[in-house]
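# what would the 3D arrangement of this be:
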Amino acid sequence: MLIPETRFIIGNWKTNPDTLKESSLLAKKISGSSDNVSVVVCPPDIFIENVKNHIGNGIAIGAQGFSSEGSSALTGGISLSQLISLSVQYCIVGHSSQRAQGETNADVNLKIRECLAHNIIPIVCIGEKERDENSTYLKILESQITATFSDLSRAEFEHMIIAYEPLWAIGSDSKRSATPAEFETISLFIKKIVYDMTGQNPVGQITIVYGGSIDTIEEAVAYNDIGAHGLLIGRASLDVRMFNKIISVFS
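Just a heads-up that it's a prediction; the model follows:
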């Protein structure tokens, strides 16, 4: 079970950096975890071992995804067993980039179960593509949540991180980040759906982090002020100075 009150700062390097040497330099400069903040770095698969050897004490290594164990003949994929051999502790599943390539809610559900079965903490991404004035996006999000987490128990929710990743607020083309108030509302919405699915009240520890773009330290401070469980950070995690400042904000 994740430790209550722990905050998570998760860096998703995506396909960065370009070289092994750069991955070493980047890893060496990242600040460590503190008593109440866990730092997780998710480098490209090819750099995992190297980053693990250069990262500071207390920083966990995560993976950006894997091919389901039922897809062992997939060229270019990586299996969960291979990640386990690298001592990976976390794994992103259901990221929008994977969903855009055809990964379904059922696929994500299977990967969550595979991670949990092997004591890897899944970082499960969910989020709507766009918002509308009639709040139809809430129904779309609810449908995604119920399918993604289908038949999971309350106890299993206590062993995962849910990353709210609004697609309209990620990437260099995003017009704006989601506001802390919007995130807070969605967090309550997610917890309500989990309660309805599990029939448990109180639901227990549910760790929800914001996975949209963070462009300024002030935004990070605002999310910390509302008690967010942390951040899943993309391009900003490659700016070591900013990434370390974000870690300090939540410490």
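# count of neighbours near Arg7?
Close neighbours of Arg7, defined as other CB atoms under 10 Å, add up to 23. In short, each C-beta sits where N, CA and C put it, glycine included.
# next one: Glu184
Glu184 has 17 neighbours, counted by other CB under 10 Å.
# quickly find the element holding it.
helix 180-198 (DSSP states H and E).
# and for Ser174?
Here Ser174, judged by DSSP H and E, is contained in no helix and no strand.
# what sits against it?
Residues counted as contacts of Ser174 (CB atoms under 8 Å, 6 or more residues apart in numbering) are 168, 212-213.
# going by neighbour count, which of those comes out on top?
Gly212 leads the contacts of Ser174 on contacts (other CB under 10 Å) with 27 neighbours.
# pLDDT wise, what is the spatially closest residue to it that is not a sequence neighbour at?
In space, and not counting its chain neighbours, Gly212 is closest to Ala169: 3.6 Å by CB to CB, 6 or more residues apart in numbering. pLDDT recorded at Ala169 is 87.
# my guess is Ala169 contacts Ile186, does it?
No: judged on CB atoms under 8 Å, Ala169 makes no contact with Ile186 at a distance of 11.2 Å.
# what residues are shared contacts of these two?
Each of Ala178 lies in contact with both Ala169 and Ile186 under the rule CB under 8 Å, 6+ apart.
# what sits up against stretch 8-19?
For stretch 8-19, contacts defined as CB under 8 Å, 6+ apart pick out 23, 26, 30, 37-44, 47, 62, 64, 90, 92, 95, 97, 123, 161, 163, 207, 209, 229-235, 237-238, 243, 246-247, 250.
# having no further points to raise, I will conclude here.
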